[in-house]
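**Student:** pasting a predicted model and its sequence here:
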Amino acid sequence: MYSLKHEHGQSGTGDVVPLPLTRNSNARVVVVKPSGPHHFVIHGPDGTDYQEWISWTEIAPPERVALLHGESRGGPNAFESVLTFAPDGAATRIEMRTMFPTKEVRDEAVERYHEIEGGQQALSKLAAYVTEIVRKAVEDAKTPSCGRRTPARA
């Protein structure tokens with residue numbers, strides 16, 4: 001298994017955006033927009049470094065995000081992932097589907113790199129991240145900001 005140590009990357013606008021990835025990695029470039037690149041290195045438990053690349057192929061808030069992920073742009077083992085988001089009561093249901101170019105590539109990803117567990121970790125980290133954003137927004141809404149006067153009650 002790999003551990004989480006991914007902190008932040010850069011968005012296309014220059015804003016720092018948190019990236020709740022699941023593996024011990026260092027982002028070099030992240031542009032979260034269609035065809036924007038995300039280059040990073042995953043550090044395996046045995047000390048091996050894996051160069052990784054993602055290209056966002058579709059970003060359709062709030063329903064869908066699609067991406068192409070591989071070792072490099074145009075790599076033969078790159079795979080596609082699609083995340084769909086749907087209301088589920090007070091929560092959001094997230095479904096992640098991943099399509100590999102061949103059964104052999106899929107089997108290696110599952111058996112050698114534990115991609116099923118990695119996908120589950122990614123979704124758990126995403127859920128925790130979104131929960132924290134919502135919690136902070138609720139707290140901020142309850143706290144009067146400096147310089148803003150609260151009307152007196154009679």
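**Tutor:** Everything's here; your move. Numbers count the residues shown, from 1 in each chain.
**Student:** so what secondary structure elements neighbour the longest helix belonging to the chain?
**Tutor:** Of all segments of type helix in the chain, defined using DSSP state H, the longest is helix 115-142. Applying 3 or more CB pairs under 8 Å, 6 or more residues apart in numbering; DSSP states H and E, one finds that helix 115-142 contacts strand 91-99. Using the backbone N, CA and C atoms, a C-beta is placed for each residue, glycine as well.
**Student:** what's the local residue count around residue 112?
**Tutor:** 8 (other CB atoms under 10 Å).
**Student:** check residue 101 too.
**Tutor:** Neighbourhood size, residue 101 [other CB under 10 Å]: 14.
**Student:** so what does the helix or strand harbouring residue 58 touch, helix or strand wise?
**Tutor:** Using DSSP states H and E, residue 58 maps to strand 49-60. For strand 49-60, the contact count by 3+ CB pairs under 8 Å, 6+ apart identifies strand 37-43, strand 64-70 as packing neighbours.
**Student:** buried ones in the helix or strand hosting residue 87, by neighbour count?
**Tutor:** Take DSSP H and E as the rule and residue 87 turns out to sit in strand 79-88. Residues 79, 81, 83, 85 are the ones in strand 79-88 that count as buried (16 or more other CB atoms under 10 Å).
**Student:** same thing with stretch 92-103?
**Tutor:** For stretch 92-103, by 16+ other CB under 10 Å, it's 94, 98, 100.
**Student:** and what of stretch 63-82?
**Tutor:** 65-70, 77-79, 81.
**Student:** quick check: the two most widely separated of these?
**Tutor:** By the measure CB to CB, 65 and 77 form the most distant pair in the buried residues of stretch 63-82, at 21.1 Å.
**Student:** many thanks, we can stop here.
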